[in-house]
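A.B. asks: no sequence for this one, just the structure:
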C-alpha cells in the first residue's frame, strides 16, 4: 500500500509542471478572457511536442500508453496553471471512450492525430435536460444523428466529438461525429469561463460512426472515470487559489499588520486547505480505483467529485474575499479560479447529480449499530 | 499510488487474520463498539487490559515500535492493516490511546535508557495504563500558562497544583505531568516534565461528568506530591519541547482515528428508511439523500487522509502537522451528522423510549461531538497550526512571550 504518488509519478509531475510554468501565465488567461474565446495555441503545440497530449493513448497509436494516475497528475497541473487549452473533454472522456470501445480502424483514424495535437476532440454528453444517460434524446438512425447536445466544452474548436445518443431501439451508445462535416451546426454559449468556451451542437442528419459496446453501464463508468480526473484538475485550481491568497495575505497590510495575521483570515485559509486535502484524499483513492478498475469506483468517484466541487468553489469564492476590493476587479486573478471551477462543475454536472450517484452506490450497513476504531 | 496489499502486506494480513480468528470473536453488528474514552467500569478496564496483554504476547501490540522496546519493528502500513482487521472483531474499548499514542513516543524521544527499559514493556503489555497531566483550570489552549509548581528538594521534586481534563486518570496507574520548575523565566522556558505514579500520596483524582452523561475525564489535585529526580522526563526547564512531542502525537493519533468512534454515514440509510417525511420514506427525499452523500464523502475523505498520514510516516516524512486536518474535520462532521440524524426523527427531535435505542446512540453521538472539537487542541488551535505552520501565516501576537512567568498578570 502507498497512498501517495510514487517517485516515478512525482517525476512526471515535476516535468509537466516545469513545462506549464514556462508557457502559461495568468496574463495569458486574461488575454483570452478579454477576447472571449479561443485557446492558447502555442501552449498546445508545446504540449504536443512534449508528448503530453497522448499520455493515455496506446503507444501503437502514437501515445505513451500510461495510466489514469499519470493523467490525473497532468490534470492537477492543468488546473494549477489554469492552462487555457481544450484539454479536459478530450483527455478525460474522448480518449478513454475511444481506447475502450473504438475498433482498430476508429482508433487509428483519430488517436494518432490527437496525440500530435493536429486533431482536437471533445465529448457531447449533456442535453439541456441534464447528464444522466437516461436523459439522452439525440438519436441515430441508419448512421445519421439528429438532436441537440448542450453544453459541449471546446465545441467551437473541436474537429470531432464523441456523442452520447440513442440507437433506433432507444439504447444509449457513443458515436463519433465529424464536427466539420455536413449536418452539424455549432452555436456559441455563454459560460462562466470564457477561456474554456462552451457550445451547443445541433445535429441534423450528420454522419455518426458507432463505438461498439458503449452501453449505458459503459457510459456510467466513463463518467466515473472523468469525475476522478476532473477532481484532480479541481484540486489544482483550488490549491492555486489558496496559494495566491496566502501570498496576498502576507503582502497586504491593514491596521499595521499583514492581513494574514488576523485569525478571521488565517482560519478561513486553514479551512480552504483542509477542504482541499480532504478532496485530495478522495481523489487519490478514486485514481487508484480507476486505474485498477476496482468495483468501488462508483463510490470513490462520487466522493472525489463531491469533495472536489466543494473545495474548488470554496477556494474560488474565498480567494476573492481575501483579496478584498481588488479581488473583485476584472483585471485581478482570483476570478479566473472561480470561473475555471464553474467550468469544471458544468463539465460533469453539479452536486445534486453526484450526491444521487453516491447514495445509490453506498451499501447500507447490515445493522444499525455504531462502529468505531 | 496503490491501495492494494503488496505480497508482504498480504502475508502480514493473513497472519493477523489467523491470530484474530484464534483469539477473538467476529462482530455480528448487534453491539456498539465504544469510544476509547467511554470506558467507565472497572470490568471494561480489566477486559481492555487483558486484550492488550494478549496482543502483546502475540506480538501485535506494538506493531510500529522498535524491536528493542518489545515492539514488532513494523511499519505504518502494517498498522493500518491491523486496525482494519481488528476492527472486524468484538474487542474491548482501546483505553491505551494515551499510553501508546502519546506517552510512548514521548518516552522514546526524551526518556533515559533506564526509563525506556523500565516503562515501555509494561506500557506495551497493558499493565501500565497512562494518562496525561497537562491542562489546568487556567491553562488549556495556552498550555504554557500552567501554574502547577515543581520545587526542587534534595533528590526530589515537590509538586503542588491542579490538573484538569485528565482522560482516564481514574483507571491509570501512571501519568506524565508538566509542571513549572522556574517561574522567573518566560512561560515556555520554565517547565519540566515528570513521570508520576498515580497512587502516590498527594494525588487525588475526581471524575468530571460530561454533557453526554459519561465521566471519562478528571480533575487531579496535587498536594506536596514528591517525585524523585530520576522520574524527570527530559531536561530541567526543558519540558515544553517534551510536551510538544506529546501534543503532536496526540493530533496525529486522533487524526488517524484509532481512538475516536462515532457513527458511520451509512447508518443514516436505515434510519432514513424507517422514518416518514411528507408521506414517503425519508430516504426517498432528495435533500436527505444529498446530506447522506455529503457526510459519506467527507467521512471517506477523512479515512483516506489518515492513510496518507501513515504513508508519510512510513517514508520517514513528518506528517504531524497534517494531523491537524483530520483532527479539525472530525468533531464538526460528527456533530453535523448526529444533528441531522436527530432531526430526521422529525417532531420528536431526539426523543425516544430507551437510553440506548437507535435514537439514543445518535443522542450520545451528538453530545460527544463537542468534546471532539475541544480536546486534543481545539478546532481554533488546529486552524492556527495549519495557517501558521503549513501556510506560513504570521504567528499569533503573544504579548506575554518574553516576560518572566512570575511577572505576568
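C.D. replies: On my side now, so go ahead. Every value quoted in this text rests on a predicted model; they were computed, and no experiment measured them. Residues are numbered from 1 along each chain as shown, chains lettered A, B, ... in the order given.

A.B. asks: Which residues lie in contact with residue A:232 in this structure?
C.D. replies: A:72, A:73, A:75, A:76, A:79, A:283, A:287 (C-beta atoms under 8 Å, 6 or more residues apart in numbering or on different chains). For glycine as for every other residue, the C-beta is placed from the backbone atoms N, C-alpha and C.

A.B. asks: tell me the domain ranges of chain B?
C.D. replies: Using automatic domain parsing, the domain parsing of chain B gives B:8-96+B:105-125, B:130-244, B:262-390.

A.B. asks: Tell me how far the shortest one lies from the chain's centre.
C.D. replies: Offset of domain B:8-96+B:105-125 from its chain centre (C-alpha atoms, centre = their mean, to the nearest Å): 15 Å.

A.B. asks: again with stretch B:236-244
C.D. replies: 20 Å.

A.B. asks: pLDDT value on residue B:57, please?
C.D. replies: We have a pLDDT of 94 for residue B:57.

A.B. asks: same deal with the one 4 residues further on?
C.D. replies: At residue B:61, the pLDDT value in this model is 91.

A.B. asks: Next: residue A:107.
C.D. replies: 98.

A.B. asks: Specify the local secondary structure of it.
C.D. replies: helix (DSSP: H, G, I helix; E, B strand; the rest coil).

A.B. asks: quick one, what contacts it?
C.D. replies: A:58, A:61, A:98, A:99.

A.B. asks: 6 Å instead, please
C.D. replies: A:61, A:98 (C-beta atoms under 6 Å, 6 or more residues apart in numbering or on different chains).

A.B. asks: Could you confirm residue B:150 falls within a helix?
C.D. replies: No - counting by three-state DSSP, one finds residue B:150 to be strand, located in no helix.

A.B. asks: what is it paired to in the beta sheet?
C.D. replies: residue B:159 (DSSP bridges).

A.B. asks: Helices of the stretch 1-150 of chain A, start to end?
C.D. replies: Assigned by DSSP state H, counting those that start in this stretch, the helices in the stretch 1-150 of chain A fall at A:7-23, A:26-35, A:41-49, A:68-80, A:88, A:95-101, A:104-115.

A.B. asks: who wins for proximity to residue B:63 among those helices?
C.D. replies: Evaluated over these, closeness to residue B:63 peaks at helix A:7-23, with 25.3 Å, by C-beta to C-beta.

A.B. asks: The closest one relative to helix A:41-49, how many degrees between them?
C.D. replies: Using axes from the mean of the first three to the mean of the last three C-alpha atoms, to 10 degrees, the direction of helix A:7-23 lies 150 degrees away from that of helix A:41-49.

A.B. asks: Wondering if helix A:7-23 reaches chain B at all.
C.D. replies: No - using C-beta under 6 Å from any C-beta of the partner chain, we find that helix A:7-23 stays clear of chain B, coming within 7.1 Å at best.

A.B. asks: Just the residues contacting that helix, thanks.
C.D. replies: With C-beta under 6 Å, 6+ apart as the criterion, helix A:7-23 contacts A:43, A:46, A:50, A:70, A:73, A:74, A:77, A:81.

A.B. asks: Which two among those are spaced furthest apart?
C.D. replies: Most distant of these, by C-beta to C-beta, are A:43 and A:70, 19.4 Å apart.

A.B. asks: on that earlier part again, biggest separation within the contacts of residue A:232, which pair?
C.D. replies: A:79 and A:287 (14.2 Å).

A.B. asks: near chain B, which residues of the stretch 201-350 of chain A?
C.D. replies: A:246, A:258, A:260-261, A:266-267, A:269-270, A:273-274, A:277-278, A:281-282, A:284-285, A:288, A:303, A:306-307.

A.B. asks: Of these, which belong to strands?
C.D. replies: residue A:258 (DSSP state E).

A.B. asks: Could you pick out which of the residues of the stretch 201-350 of chain A next to chain B are located in helices?
C.D. replies: The helices, defined by DSSP state H, take in A:246, A:266-267, A:269-270, A:273-274, A:277-278, A:281-282, A:284-285, A:288, A:303, A:306-307 from those.

A.B. asks: Filter those down to the buried ones.
C.D. replies: Among these, those classed as buried by 16 or more other C-beta atoms under 10 Å in any protein chain shown are A:246, A:266-267, A:269-270, A:273-274, A:277-278, A:281-282, A:284-285, A:288, A:303, A:306-307.

A.B. asks: For the contacts of residue A:232, could you give me CSV that also reports neighbour count and pLDDT?
C.D. replies: What follows is the contacts of residue A:232, written out as CSV (neighbours: other C-beta atoms under 10 Å in any protein chain shown; pLDDT from 0 to 100):
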residue, neighbour count, pLDDT
A:72, 29, 98
A:73, 26, 97
A:75, 28, 98
A:76, 25, 98
A:79, 29, 98
A:283, 32, 97
A:287, 30, 97
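
A.B. asks: Closest one to chain B out of those, please.
C.D. replies: Chain B lies nearest to residue A:287 out of the contacts of residue A:232, by C-beta to the nearest C-beta, at 6.2 Å.

A.B. asks: Let me see the contact set for that closest one.
C.D. replies: If you count contacts by C-beta under 6 Å, 6+ apart, then residue A:287 has A:68, A:69, A:72, A:228 around it.

A.B. asks: ok, now residue A:95?
C.D. replies: Contacts of residue A:95 (C-beta under 6 Å, 6+ apart): residue A:56.

A.B. asks: Would you mind measuring from it to chain B?
C.D. replies: 20 Å (C-beta to the nearest C-beta, to the nearest Å).

A.B. asks: And for residue A:127?
C.D. replies: 21 Å.

A.B. asks: Could you point out the bridge partners of that residue in the sheet?
C.D. replies: residue A:130.

A.B. asks: What is the neighbour count of it?
C.D. replies: Residue A:127 is flanked by 19 other residues according to other C-beta atoms under 10 Å in any protein chain shown.

A.B. asks: Can you pull the poorly scored residue ranges out of the stretch 1-150 of chain A?
C.D. replies: A:129-134 (pLDDT under 70).

A.B. asks: Contact residues of the stretch 151-300 of chain B facing chain A?
C.D. replies: Going by C-beta under 6 Å from any C-beta, the residues of the stretch 151-300 of chain B near chain A are B:261, B:263-264, B:266-267, B:269-270, B:289-290, B:292-293, B:296-297, B:300.

A.B. asks: ranking those by neighbours, who comes first?
C.D. replies: In those, the most neighbours by other C-beta under 10 Å go to residue B:297, 28 neighbours.
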